[in-house]
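Chemist: structure, please.
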Amino acid sequence: MFIDVHELELHRIDFDQELRPAVLDFGVDIRQVEPLRTKGRAELVEEHRGGRLGSVRDIRLVGKLSTRLELSCARCLEPVTQDVKRDFDLFYRPQGIDAGREELSVTDAEAEIGYYTGDGLLLEEVLREQVLLSVPLKILCRNECKGLCRQCGKNLNSGSCGCVPSADPRWQALEGLRERFEK
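Modeler: Residues are numbered from 1 along each chain as shown. Below is the predicted model:
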């Protein structure tokens with residue numbers, strides 16, 4: 001859904017959408033397993049900057065989203081489902097509007113502003129970004145996950161493998177040290 005600035009000049013835009021899995025590309029490590037549901041509104045907000053800076057008309061998106069994702073466990077690579085629910089209140093400013101301003105410190109509110117090019121922005125891109133921000137950096141299938149064997153790659157949660165534990169090569173220089181001191 002394209003949110004057009006010219007339409008926002010006339011009235012706010014309400015949205016209530018459901019995006020089926022595979023519509024948004026979350027990359028190879030994330031798979032959407034349920035439809036993404038979103039509901040909210042887009043409106044034009046005018047920010048008065050005073051003086052010769054004039055005013056800026058930002059797009060404000062307020063809404064919520066929910067879906068279910070499948071991710072890989074960081075230790076054993078088994079699939080893990082993760083529910084994602086997120087409320088958002090976002091501001092988007094025309095790209096380049098802040099260019100040429102002298103270097104100033106950025107307030108917390110200004111750090112939360114995104115930028116759009118052209119006559120508006122795609123809601124799907126905003127939703128994709130919000131879902132990716134909701135995904136944990138590292139997810140485990142369970143806290144006591146044993147991971148994979150370093151040698152054969154077997155999932156150690158399903159049982160031990162037949163591999164002989166090998167010494168870490170970084171310790172090889174110290175391997176004969178004990179025998180030298182015992183002499």
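Chemist: what sits against the most centrally placed residue in the chain?
Modeler: Centre of the chain computed as the mean C-alpha position; nearest residue by CA atoms, centre = their mean is residue 132, 2.1 Å away. With contact set as CB atoms under 8 Å, 6 or more residues apart in numbering, residue 132 has these partners: 26, 30. Any C-beta I mention is one placed from the backbone N, CA and C, and that applies to glycine too.
Chemist: rerun that using 7 Å as the cut-off
Modeler: For residue 132, the contacting residues are residue 26, by CB atoms under 7 Å, 6 or more residues apart in numbering.
Chemist: hey, where'd the strands end up in the protein?
Modeler: Counting by DSSP state E, the chain has strands at residues 2-4, 13-19, 31-32, 36-48, 55-72, 79-94, 113-116, 120-122.
Chemist: can I get the ones you listed in TSV with distance to residue 172?
Modeler: Supplementary listing: the strands of the chain in TSV, determined by distance: least, CB to CB, whole Å:
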stretch	distance to residue 172
strand 2-4	61
strand 13-19	54
strand 31-32	41
strand 36-48	51
strand 55-72	33
strand 79-94	36
strand 113-116	51
strand 120-122	55
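Chemist: least confident of these, on average?
Modeler: Set side by side, the strands of the chain differ in mean pLDDT, and strand 113-116 is lowest with a mean of 86.
Chemist: so which bits of it are buried?
Modeler: Going by neighbour count (16 or more other CB atoms under 10 Å), the buried part of strand 113-116 is 113, 114, 116.
Chemist: what residue spans form the domains of this protein?
Modeler: In terms of domains, the chain is parsed into 2-145, 146-183 (source: automatic domain parsing).
Chemist: need the winner for burial among those domains.
Modeler: Comparing the domains of the chain by mean neighbour count (mean count of other CB atoms under 10 Å), domain 2-145 comes out on top with a mean of 14.
Chemist: distance from the chain centre to that domain, please.
Modeler: Averaging C-alpha coordinates over domain 2-145 and over its chain gives two centres that are 9 Å apart (CA atoms, centre = their mean, to the nearest Å).
Chemist: tell me which of the strands of the chain sits nearest to residue 158.
Modeler: Taking CB to CB as the criterion, residue 158 comes closest to strand 79-94 out of these, the separation being 14.4 Å.
Chemist: mind checking pLDDT for the residue lying closest to residue 124 once chain neighbours are set aside?
Modeler: In space, residue 124 comes closest to residue 24 once its chain neighbours are excluded; the distance is 6.0 Å by CB to CB, 6 or more residues apart in numbering. Per-residue confidence (pLDDT) for residue 24: 93.
Chemist: any idea how far residue 24 lies from residue 14?
Modeler: Distance, residue 24 to residue 14, using CB to CB, to the nearest Å: 21 Å.
Chemist: ditto for residue 61
Modeler: 11 Å.
Chemist: thank you kindly, that will do.
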